[in-house]
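> Can you look at this prediction? I've put the sequence above it.
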Amino acid sequence: MDFLNEEISKNIGFKQLWQEIEPVSELGMRAKKKFKPYLVKEKTELKLELDKLEFLINIMKQEESEFFKLKSLLKGVKNIYGIVNQSRSKKTVLDDIDIFEIKKSIIQSRKIKSIIKALKLNDLFEEQLKYFPELLKYLSLGQSNSESFYLADDYDDKLELIRGKRKELEKKLLQEKNDLAAEIEKKAKRPFSTDNEISVSKNDTEIIKYLKETEEVSLVSENFAALTFKLIENEKISQLKSEISEIKRKEEIQKNIIRKKITNKISKKSLGIMANLDKIAYLDFMLAKAEFALKISASKPEINSDKSISIKDGRHILMEKELAKKGMDFTPIDLEIKEGATLITGPNMGGKTVSLKLIALLTAMAQHALFVPATSFKFDLRNYIYFSLTSDNIKTGLSKFGTEISNLKTVIESADNNGLILIDEIAHGTNPAEGYAIAYGIINKLDKMKSISVITTHYQRLADQLEITHFQVKGLDKDLLSHYHNYIKENGIDVLNKCMDYHLEKVETGSDFPQDAIQIADILGFDAEILKTAKEIMKK
């Protein structure tokens, strides 16, 4: 099984939170996209990664302005893996733009390394960013300290000679054109345009006559108001242009020879350049995770080896935001679960499903090397997370119960592989008698297997009969209920929600079951005779 499939990631809220982690560079986004969660056998690697994130967060709190500079630099870093890979092909010759991008990347790496050193972030990397001083010097020949790139004459004496000759020919051509045009401009009493054209009003008959008779121009267009003449190249101009064209061809050949040399030099440093890109990508991704941790007031997960999960003041960030919009507070959850099966019971809308989502979300975040929204989160790594939600869409054409059983079959087959199995309202989609029996069988099986399984249910007696760990939602707060009693009758459910205590409490075997449902119905003014009958049945 995959650690976390797309549907489960969406259902527990991880997908949305993961989208909130935003590296500023193309490289950082690439690192995020390639990231894989740590699994059971990668405990040491995850611990190291979480230690690095803690180290980074502590420095970020102290050096905000320097990190702002670092982020500004990272924003300008491009993904040039493709260009660097091309340089390694013997058939490839990088063009000037590609070479410029390589040079720019080396310069950016130097600046980033300087800030890393100033912030004392070197411990984030096993190896530090490389400088490539000789390559940078070669890419800067004849360019002073410019961060741009062009093929300067300093690269090759032959190129310098060819360019010198070209410039000389271009100068002669310009002079020849100027000499040819000067006499015509004088007699026409107007200059040639940059396209070597002259426009003359039809009223200037003498000038038109002169221009039509001279061999140096030809009529190229005419309209109702004017005639346009173009300078004709003489034999000398044509010869000069031909010579310039040939010298440019030789110049381009020579430039390609130089580009090939530059490409070869880049190729020799390609692995080091790509290693720099990897480190910059990692740094940007880590910064995004650190900023996210600070934004949600998260804490560092603690890895244990006792096959358990312990949560103190756990918060589901997305639900916390939704409740805040309604002026309500999220109730932090405390919970300790271990390998085997754990049962959670409580009324509808009592927070059971939220507890499951929270367990899944915090575990997913921790195994993606993120800090988590909890005062404390201690856990043993899992190889996968399975989450069965009662509102899951039916996609197979089977009944809801059939779909649930079909999914559980696959999960139970993998239940000895250190998973986290979370089932909401087990066997909910069939009749109560059979549902109870099937739930009993499933929980009994899961309790013996090497996964942490948490199941919510209305079948409260399952916990006693199976003798497994049992938590229940505390339910109605009696003091608040007394305080809001009259308001509830007038305003109903909205006020009643304020009386709910969503904390989980551990239930000992043989404890009485809460009767919140009857109490709620009574407060809401439900039929007294029906409630009397219900209470008598409960006593039996």
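Good, I have the coordinates. Quick caveat: nothing in here was measured; it's all calculated off a predicted structure. Numbers count the residues shown, from 1 in each chain.
> Is it correct that Thr375 is in contact with Ser310?
No: contact criterion C-beta atoms under 8 Å: Thr375 and Ser310 do not qualify, at 10.9 Å. Yep, even glycine has a C-beta here, placed from its N, CA and C like the rest.
> Which of those two has more residues huddled nearby?
Shown here are Thr375 and Ser310; by other C-beta atoms under 10 Å, Ser310 has more neighbours (19 against 14).
> The more buried one touches Ser376, doesn't it?
Yes: contact criterion C-beta under 8 Å: Ser310 and Ser376 qualify, at 7.0 Å.
> which secondary structure element contains Leu422?
According to DSSP states H and E, Leu422 maps onto strand 419-423.
> Mind picking out the helix or strand in the chain with the poorest mean pLDDT?
helix 485-491 (a mean of 63; mean pLDDT, DSSP states H and E).
> Mind jotting down where the strands sit in the stretch 151-300 of the chain?
197-201, 217-222, 226-231 (DSSP state E, counting those that start in this stretch).
> so what's the closest residue to Asp380 other than its chain neighbours up against?
The shortest distance from Asp380 to any non-neighbouring residue, by C-beta to C-beta, 6 or more residues apart in numbering, is to Lys307 (5.0 Å). Taking C-beta atoms under 8 Å, 6 or more residues apart in numbering, we find Lys307 in contact with 338-339, 380, 418, 450, 452.
> Thr430 now?
By C-beta under 8 Å, 6+ apart, the contact set of Thr430 is 401, 438.
> measure it to Gln16 for me?
Look at Thr430 and Gln16: by C-beta to C-beta, to the nearest Å, they are 32 Å apart.
> now swap in Ala433 and tell me
Applying C-beta to C-beta, the value for Ala433 to Gln16 is 39 Å.
> pLDDT below threshold where in the stretch 251-400 of the chain?
By pLDDT under 70, the low-scoring segments of the stretch 251-400 of the chain are 348-350, 390-400.
> residue boundaries of the strands in the stretch 1-150 of the chain?
Counting by DSSP E, counting those that start in this stretch, the stretch 1-150 of the chain contains no strands.
> Buried subset of the contacts of Lys307 as a PyMOL selection?
If you want just the buried ones from the contacts of Lys307 in PyMOL, going by 16 or more other C-beta atoms under 10 Å, the selection is:
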select buried, resi 339+380+418+452
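> Just put the contacts of Lys307 in CSV and tack on distance to Ser105 and secondary structure.
Converted to CSV, these look like this (distance: C-beta to C-beta, whole Å; DSSP: H, G, I helix; E, B strand; the rest coil):
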residue, distance to Ser105, secondary structure
Lys338, 50, strand
Glu339, 49, coil
Asp380, 42, coil
Asn418, 42, coil
Lys450, 48, coil
Ile452, 46, strand
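> and the angle for the helix or strand just after the strand holding Leu422 with strand 419-423?
Sequence order places helix 432-446 as the next helix or strand after strand 419-423, per DSSP H and E. Counting by axes from the mean of the first three to the mean of the last three C-alpha atoms, to 10 degrees, helix 432-446 lies at 170 degrees to strand 419-423.
> Mind giving me the packing neighbours of the helix or strand following helix 432-446?
Using DSSP H and E, the next helix or strand after helix 432-446 towards the C-terminus is strand 452-457. Under the contact criterion of 3 or more C-beta pairs under 8 Å, 6 or more residues apart in numbering; DSSP states H and E, strand 452-457 touches strand 333-338, strand 340-345, helix 352-367, strand 419-423, helix 432-446.
> And for strand 452-457, what's in contact with it?
307-309, 337-346, 352-353, 355-356, 359, 382, 415, 419-427, 439, 442-443, 446-447.
> so after that strand, what's the next helix or strand?
Taking DSSP H and E, what comes next after strand 452-457 is helix 461-466.
> For that next one, list every residue counted as buried.
For helix 461-466, the neighbour count (16+ other C-beta under 10 Å) marks 462-464, 466 as buried.
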